[in-house]
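Asker: I'll drop the sequence and a predicted model, then ask my questions.
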Amino acid sequence: MATEEIAGHSVEFDTEGFMVDHTLWNEDIAREIAQKEGIGELTERHFDVLKFMRQEFKEKGDGPSIRALKNRGGIPTRELYELFPGGPAKKAARIAGIKKPTGCV
Amino acid sequence: MEPEPIKKVSIVVSKGSLDGIYPGLIMANGARMAGIEAMMFFTFFGLEGIMKETMDHLKVATVGNPAMRAPKDWGGWRIPTVLGGVPGMSTFATHMMKQEMENLDIPPVGEFIEMIHDSSGEIYACKAAMDMFKFKPEDLCDDVDGILTVGDFYEKSAGAQIIFT
């Protein structure tokens, strides 16, 4: 557990860098986490991914699979990897402010 | 000293049953999701997993598998090995497994191969196995990056952990 000052908020992260309370998330927090994750500036397309992930997390209690992002979220796999290079599963979940996804796919 | 994280995996798929193909696919896709480079090498019966004609019609092997059982919510019963060869058993077990996988959002083989390829995972067929079965390059699905000899395979696997399934 670690608490960090991010975009003017005091935000708590678990030991793997995922936000403990997803309800505190906002776009400015996402932008700052994205810098730390080495993703750089977030575009509209990044936010499409993040918003779909957050919506799935709220509905199901877990982040979506890559397949769900592709088939239901409208994010082609190739594009997802371009948007979040170096491992979209964890990086996008960290930036989306949700817990570490538990699925294997 | 911290152990060195895995940077690249090279996964050999040598079996052509549904349960023989999936572990390799899940491991390759999981590697890419974690930012690990992945390549897959399909050899012997594993080629069934990248052939246009067969990839989406693979079956679970029910013969000679004493661990064969239904998921717990289906009763968890085991299929006695002696019944594994009864006509329709493999089809039934395949149906059951595909349904469970769909529930877990695990894609069918063709879609899975495409996803791995779209995530920059490389897909290769084994030259010796292609020659042995008299398969042609056009028999392979479009996501296959090429046909490799075992020497090419080792060369491309430089720096990778090799996993045989």
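Answerer: Happy to help now that I have it.

Asker: Sort out which residues of stretch A:5-23 are buried, please.
Answerer: A:6, A:11, A:13, A:17-19 (16 or more other Cβ atoms under 10 Å in any protein chain shown). Just so you know, the C-beta spots here come from the backbone N, C-alpha and C atoms, and that holds for glycine as well.

Asker: Name the nearest residue to the residue of chain B found nearest chain A, ignoring sequence neighbours.
Answerer: When scored by Cβ to the nearest Cβ, chain B has residue B:35 as its residue closest to chain A, at 2.9 Å. Among residues not flanking residue B:35 along the chain, residue A:87 sits closest, at 2.9 Å (Cβ to Cβ, 6 or more residues apart in numbering or on different chains).

Asker: pretty sure that neighbour is touching residue B:29, no?
Answerer: No - between residue A:87 and residue B:29 there is no contact under Cβ atoms under 8 Å: 11.9 Å.

Asker: Which one's more surrounded, these two?
Answerer: residue B:29 (27 against 16; other Cβ atoms under 10 Å in any protein chain shown).

Asker: what's the helix or strand for that one?
Answerer: helix B:18-33 (DSSP states H and E).

Asker: Where is pLDDT lowest across the buried residues of stretch A:5-23?
Answerer: Taking the buried residues of stretch A:5-23 together, the minimum pLDDT is found at residue A:6 (89).

Asker: In contact with that residue, which residues?
Answerer: Residues counted as contacts of residue A:6 (Cβ atoms under 8 Å, 6 or more residues apart in numbering or on different chains) are A:29, A:32-33.

Asker: let's go with 6 Å and repeat that
Answerer: A:29, A:32 (Cβ atoms under 6 Å, 6 or more residues apart in numbering or on different chains).

Asker: who does it bridge with?
Answerer: residue A:9 (DSSP bridges).

Asker: if we can go back for a sec, and the helix holding residue B:29, what other elements does it pack with?
Answerer: Counting contacts by 3 or more Cβ pairs under 6 Å, 6 or more residues apart in numbering or on different chains; DSSP states H and E, helix B:18-33 packs against strand B:8-13, strand B:37-42, helix B:109-118.
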